[in-house]
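>>> With the input below, show me the fold.
(2 chains)
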There are 2 protein chains.
Amino acid sequence: MESNMIFVPMALAILGLLFMFVKMAWVKKQAPGDERMQSISKSIKEGALAFLVAEYRLLLVFVGIAAIALGVISMLVDTTHWIIIIAFVIGAFFSALAGNVGMRIATEANARTAEAAKTSLPNALKVSFGGGTVMGLGVAGLAVLGLSLLFFIFVKMFITGNASFYTEMTIALEALAGFSLGAESIALFARVGGGIYTKAADVGADLVGKVEAGIPEDDPRNPATIADNVGDNVGDVAGMGADLFGSYVATVLAAMVLGNYVIKDMSAAAPFTDAFNNMGPILLPLVIAGVGVLASIIGTFLVKISSNDAKEAQVQKALDTGNWAAIVLTAIASWFLIRWMLPMTMEMNFFGVEEAVVVPSRHVFYAAMIGLAVGALISMVTAYYTSLGKKPVLDIVQNSSTGAATNIIAGLAVGMKSTFLSVILFAAAIYGSYTLAGFYGVALAASAMMATTAMQLAIDAFGPIADNAGGVAEMSELEPHVRERTDILDSVGNTTAAVGKGFAIASAALTALALFAAYVTFTGIDGINIFKADVLAMLFVGGMIPVIFSALAMQSVGKAAMEMVKEVRRQFKEIPGIMEGTGTPEYAKCVDISTQAALREMIVPGLITIITPVIIGLVFGAEPLGGYMAGVCVSGVMWAIFQNNAGGAWDNAKKSFEAGVEIDGKMEYKGSDAHKAAVTGDTVGDPFKDTSGPSMNILIKLTCLVGLVIAPILGNHGAETDTGVATETTRVEASSEVIKKVSVDMEVDEQEGVAKAEVVTYVYQNENGIPEVNEKVIAGSLAEVEARLNALKADAVTFQLKKNGAFVNEEG
Amino acid sequence: MESNMIFVPMALAILGLLFMFVKMAWVKKQAPGDERMQSISKSIKEGALAFLVAEYRLLLVFVGIAAIALGVISMLVDTTHWIIIIAFVIGAFFSALAGNVGMRIATEANARTAEAAKTSLPNALKVSFGGGTVMGLGVAGLAVLGLSLLFFIFVKMFITGNASFYTEMTIALEALAGFSLGAESIALFARVGGGIYTKAADVGADLVGKVEAGIPEDDPRNPATIADNVGDNVGDVAGMGADLFGSYVATVLAAMVLGNYVIKDMSAAAPFTDAFNNMGPILLPLVIAGVGVLASIIGTFLVKISSNDAKEAQVQKALDTGNWAAIVLTAIASWFLIRWMLPMTMEMNFFGVEEAVVVPSRHVFYAAMIGLAVGALISMVTAYYTSLGKKPVLDIVQNSSTGAATNIIAGLAVGMKSTFLSVILFAAAIYGSYTLAGFYGVALAASAMMATTAMQLAIDAFGPIADNAGGVAEMSELEPHVRERTDILDSVGNTTAAVGKGFAIASAALTALALFAAYVTFTGIDGINIFKADVLAMLFVGGMIPVIFSALAMQSVGKAAMEMVKEVRRQFKEIPGIMEGTGTPEYAKCVDISTQAALREMIVPGLITIITPVIIGLVFGAEPLGGYMAGVCVSGVMWAIFQNNAGGAWDNAKKSFEAGVEIDGKMEYKGSDAHKAAVTGDTVGDPFKDTSGPSMNILIKLTCLVGLVIAPILGNHGAETDTGVATETTRVEASSEVIKKVSVDMEVDEQEGVAKAEVVTYVYQNENGIPEVNEKVIAGSLAEVEARLNALKADAVTFQLKKNGAFVNEEG
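So this is what the prediction gives:
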């Protein structure tokens, strides 16, 4: 069993995918409704797929270019194998596939949910949540399957025993990083593109339809209404799915990389061995992810209601029950898995602590529990700041009475204030899980949080399906009670969407942190010291990127919405009988506008995200890039929380008017001046919460992933003391048959009595011929530098000295 | 001459103050206008002074508490002398005095400007700019006088030659930090309180007056109109003055601290000597500041126009001429001062570079020029993003046609995008000036930028005076051409205000950075490594503080404005004949509401700013506090630029409608729907640009200053290697007669063969009995720890070993 452990996550992933097919078949078997409903549903599906196809065409170009860039990296760096290209393409393909499957089922499930709602609310929930489950399991199943399959192959390829386990495993994990990079790249475009799409359609439809023409939401006379419903799928289903797919993969990858470091730390005296092919700490996060899929499947069975008269609270409770069941099951399983798969105690090197620290395996479990707890708490904080009836939303409602300006100010303030508790919790999670088990603990905390992604995503994806079902009901002019039932589901969906965003940013932040830690260890630099001016400067530059990214995303929505407005106005004017319901609007034109705008506008922010870290790394080196990454993370987390929560709070402040609110002792309803002010706030909040806010997740993760992938190129640029060499030597001596070659380029200022030497250490490993290169600069008095060089000489097999660029042959 | 160099800045400061008195007398001699104008001017003055008095009463409590806290610090830490309390109180007093003088003259100058505008625009400029000059010279003169006087005294007190120059100078500069802390504390309350005051009055007056009652700005029937005009003085004159006073002092202080480190670096072989009492590098920033006062005086003579028909462009040109003259003169003077006062070459230790780097003094000049250039460029970027007729403002105007929501989104996007160039420039300034001359270069860049503060502030303060003059003209129902003339001045004032904010944030950021560098060197920690989990966690916490601070400030404005709205509504309803102009509004009640609200609301953000770094420093230690400081700076700079520029752009987008704008081929004017949307944007932008945005400057500076003042308590908490001791020993051996005592508390785990020792090193300096304490932790194998302790023993005069808490007497 133990030595075949890699098959466990693989099997669980396949189980998840099988269950997904069962659910998918079940959903498709449900009654699809009357002809009109089917036709609307078909339009939405076609619109959504048209967007995906157009997106894929663009992504194909991107994937091609990125593959070439990775090919260049793999040629330059010998620890990066060309197979990373394959991994990258598979990652991109799996991510796109997961989004595609989820969106297909979501667009199938909408009309079926509406049809089910005709007779039964429990059935409507079952259908819509069934659709969500397909999405959740598709994402989680493909993620775990892809990771474990590729890892299995790479282990076979690279773990040959010719070099040290650590070195070979690093090559394997570096290749696996390609899978994560592929997944996250697709997520970037899906999130940003989807976010622009959905809000352009939404804002455009609302501005002309609701405000100018005075027709209700989802009215079939509105030409943008199909585009609006497509947008829900493109943004909230495919975008969110790709986002979590990316987080999930990146978290597990980072934990595996840090697991490899645990093994390295423990191999100081003798090579680490365990029953799991000596790779228990690396396999653990994968297995936990696999178990999370199983726990999620069990959880989905608990999501049901029995009464046709159920209200939001009961539906919410059903979802909560399923969610918590999955979490608790995962937590219990983690306890046993950690005890089983990790050594009782591990010796870890903590940064800045001279001696290795002995960490009992239960500390890793506690760290994982911190991850679960903080994930839940941040979700609760998010819920508090964005829920109907809670103080923050009520504040915004009260401030709507004096107009749009005060509503906006209040909403901005709510979003800003919500950063307080979220960041404190997040900081506590870093501090706590690190103290318990180092950066491996931080990564495990993130992994535990992400383990029930399947369930989390099922809950997230059910919302837009219910929302769409309401749209179908409205457009097909079904009886009011159908819309009422779908509205109950939709309303719960709005809350879960807000909470899901809290979860997404918490997990993205922890993931980024784990990647950051993996980056530092990959490059072998001596930490990230912001007291160095270049590092500090890049910290500021990094802090600016999320702000610019948000601005670009928001502006894109504005531009695209404006085009939509013009098109809708044109149709209202030019198509005869459109307002009387006798003329048919040209839905496809609006779908097309959103599609083109989304594709066009996602290019610049996408490129900024990917290219900036590459430039900074190549120009300034590894440590400034670390500063940049930290800047992006710190600023990105603030702007994500701020934008998501402000947007969510504005949305619900507007919704509060539907039931009526009391302001200064007077009841105010929809249509009042205060409500109009609240609508303005909601419109501002739309791009915040659905475009720029959620994009921050991808931005911070992708920044760190790009850093991780190019880390081997940057090498030890940052190392300026000779500690690096000492470590290098030790590591190499443990492996067999090496030729060590040291070449030195020395500048001597004899007048001043000082010297500076640039030392390049090659370590040839005969079997596979991979040279490891280690560069550093020694500066000091002539005597000092010479003493150090002599120490190096004694250690080297061949030695060359350059003076002023020319070799002075001095073979040792 | 050279050895009395300290008298040069003192004399120049006194010269500046004398010139200030001359200008003040001249302004007061101008015709004050008719009785009505005088009475309005008097009301504004009384309101402003009433606020100041109420503010002082509150500040007295704060200063008292802070003085006690400083007393405690000075008792705990022997490098902190109790005299820091006196310095703190003087700093607070000088800052308040400067604000008071400026506000008095501003409230005198407003009616006189209006009176002058009756006959001559050139004279109106002369009077209003004269008022601004008084403010500028008051601030700069008092700042330089205070710094140089106290420094003179502290040098006499502490530089005795008993200990090393560096150690004694550190004590002197630590005391001088008290002056800066006092100044910055007052600035905090003046900026935040003033910002809340002015916007509460402004928003309140506009919402009821302009929007509900439909009466124009500054209409005497509006009860809040006096409060509004008082607010201009309280916020834009006193607040801005205190802000720049604080920046000015902090910059010079940081440069002096870093100058002391230059001297330390150069004393490695033999004590540093020069003609300036061996303190050229420390005196240099003070002297440059003094010369800047002189250059500013000269510059003010160039600010004049000749034609009565001059337009904005001519007025702007006159101000620019004066400004650039002052800058160029300061630059030229700096070249000679740097050549004269610094050694031809300096050996500086660059962080992370093993050997000292030889820096020619001209590099320091180049660094200063970078400061001047970046200050000017960031001002230009600010002007671009906020000026009438430029693309960003035009974008907002275009987006106003589809309503308030799109206007808001466009404005937010402009603010966010404006961070790009500003941050790139700022990062380049850090990188460039550091590369040239280390952190001393960074501090000198900031000093050079701040040197012409007097001129800068004269230009800034002239705006609100002109604005007030317009208000007086309106309220006194003077002929329209008077208002037209003051409007020209006011319009230029709006541009200079926006540019001034760019300058203020650029200087604050560089100042904070210089303070940050001083902090790291003060604590003696080995840099700030964000790869340590606690440091990283605090980086996130720091990043959150500016966001929370902004939220609190904005909310305070909202709350206070709401109170104002209710009061104005009440007066409109209850005072008979108020709208017909027969009843007199109760202006004083509105003034009172603003005053009370501002005082109440500034307490929480003020305390957060001051207390958080103290708690973090004491609980987590010096390095995490460094992470916190960096987080506050990075996030604070982004939020400052974002809020200032978004607010400025919204303001001018609204103003664009006054002349009419073309949207979709149609001209839109004041009163159109698009204009109403623009008014909403402006209202949102008001607290952004006048309350929360400018508060960020103070937040980041004060955070770093508090860190600097408590730095000695934190000691070497962060040092975990024994490099700290080695340095310590070297330093002490250079001075005479020391007793060194080492006490060790050791924990030995004999089973595991590891030991951990906490080492406290006392270094008694006989003459003045100041012990220097150095703590560190040595952990490792038994043998390793013992070897290190033996090295310490050999070095110590007395040595005590504790095991498990009990002393094992082992006197060495």
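>>> which stretches of the stretch 601-750 of chain A have low pLDDT?
A:715-750 (pLDDT under 70).
>>> Could you do chain A as well?
For chain A, applying pLDDT under 70 flags the ranges A:1, A:352, A:354, A:715-788, A:791-812.
>>> that's a helix at A:Val359, yeah?
No - counting by DSSP: H, G, I helix; E, B strand; the rest coil, A:Val359 falls outside a helix, being strand.
>>> Can you give me every residue that contacts it?
Neighbouring residues of A:Val359 by C-beta atoms under 8 Å, 6 or more residues apart in numbering or on different chains: A:Thr345, A:Met346, A:Glu347, A:Met348, A:Leu436, A:Ala437, A:Gly438. Where you see a C-beta, it was placed from the backbone N, CA and C, and this is true even at glycine.
>>> Dump those residues to a markdown table, plus distance to chain B, secondary structure and neighbour count.
Output for the contacts of A:Val359, formatted as a markdown table (distance: C-beta to the nearest C-beta, whole Å; DSSP: H, G, I helix; E, B strand; the rest coil; neighbours: other C-beta atoms under 10 Å in any protein chain shown):
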| residue | distance to chain B | secondary structure | neighbour count |
| --- | --- | --- | --- |
| A:Thr345 | 11 | strand | 13 |
| A:Met346 | 15 | strand | 24 |
| A:Glu347 | 11 | strand | 17 |
| A:Met348 | 13 | strand | 22 |
| A:Leu436 | 10 | helix | 23 |
| A:Ala437 | 11 | helix | 30 |
| A:Gly438 | 8 | helix | 28 |
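>>> mind checking which helix or strand the most centrally placed residue in chain A is in?
Taking C-alpha atoms, centre = their mean, the centroid of chain A lies closest to A:Ser247, which sits 3.4 Å from it. If you go by DSSP states H and E, A:Ser247 is part of helix A:240-266.
>>> I'd like the distance between A:Trp26 and B:Asn260.
76 Å (C-beta to C-beta, to the nearest Å).
>>> which of those two has more neighbours?
B:Asn260 (24 against 14; other C-beta atoms under 10 Å in any protein chain shown).
>>> Hmm, B:Leu283 and the more buried one touching each other?
No - contact criterion C-beta atoms under 8 Å: B:Asn260 and B:Leu283 do not qualify, at 10.9 Å.
>>> Select, from the contacts of A:Val359, the two members most distant in space.
Of all pairs drawn from these, the one with the longest distance (C-beta to C-beta) is A:Glu347 and A:Leu436, at 14.7 Å.
>>> Spell out which parts of the stretch 601-750 of chain A neighbour chain B.
By C-beta under 8 Å from any C-beta of the partner chain, the residues of the stretch 601-750 of chain A that approach chain B are A:626-627, A:630-631, A:634-635, A:637-638, A:642, A:679-681, A:683-684, A:687, A:720-721.
>>> Against which helices or strands is the helix or strand containing A:Ala373 packed?
Element membership of A:Ala373 [criterion: DSSP H and E] is helix A:361-386. Here helix A:361-386 touches helix A:312-341, helix A:391-399, helix A:404-417, helix A:419-451, helix A:480-523, helix A:622-659, going by 3 or more C-beta pairs under 8 Å, 6 or more residues apart in numbering or on different chains; DSSP states H and E.
>>> What residue spans form the domains of chain A?
Domain ranges of chain A: A:2-714, A:730-809, per automatic domain parsing.
>>> Give me whichever of the ones you listed is most buried.
Most buried of those by mean neighbour count (mean count of other C-beta atoms under 10 Å in any protein chain shown) is domain A:2-714; its value is a mean of 23.
>>> Endpoint to endpoint, it covers what distance?
In domain A:2-714, first residue to last residue: 37 Å (C-alpha to C-alpha, to the nearest Å).
>>> what's the answer for stretch A:297-308, then?
Length of stretch A:297-308, first residue to last, C-alpha to C-alpha: 25 Å.
>>> Show residues contacting that stretch.
By C-beta under 8 Å, 6+ apart, the surrounding residues in contact with stretch A:297-308 are A:15-16, A:19, A:120-122, A:125-126, A:129, A:133, A:136-137, A:314-315, A:318-319, A:321-323, A:325-326, A:329, A:452, A:454-455, A:458.
>>> again with stretch A:138-151
A:6, A:9-10, A:12-14, A:16-17, A:20, A:87, A:90-91, A:94, A:97-98, A:101-102, A:172, A:175-176, A:179, A:183, A:241, A:244-245, A:248-249, A:252-253, A:256, A:286, A:289-290, A:292-293, A:296, A:453-454, A:457.
>>> just how off-centre is that stretch within its chain?
Relative to the centre of its chain, stretch A:138-151 is centred 16 Å away, using C-alpha atoms, centre = their mean, to the nearest Å.
>>> List the contacts of the closest residue in space to A:Gln38 that isn't next to it in sequence.
Once flanking residues are discounted, A:Gln38 sits nearest to A:Pro32: 5.3 Å by C-beta to C-beta, 6 or more residues apart in numbering or on different chains. Neighbouring residues of A:Pro32 by C-beta under 8 Å, 6+ apart: A:Gln38, A:Ser41, A:Glu108, A:Ala111, A:Arg112, A:Glu115.
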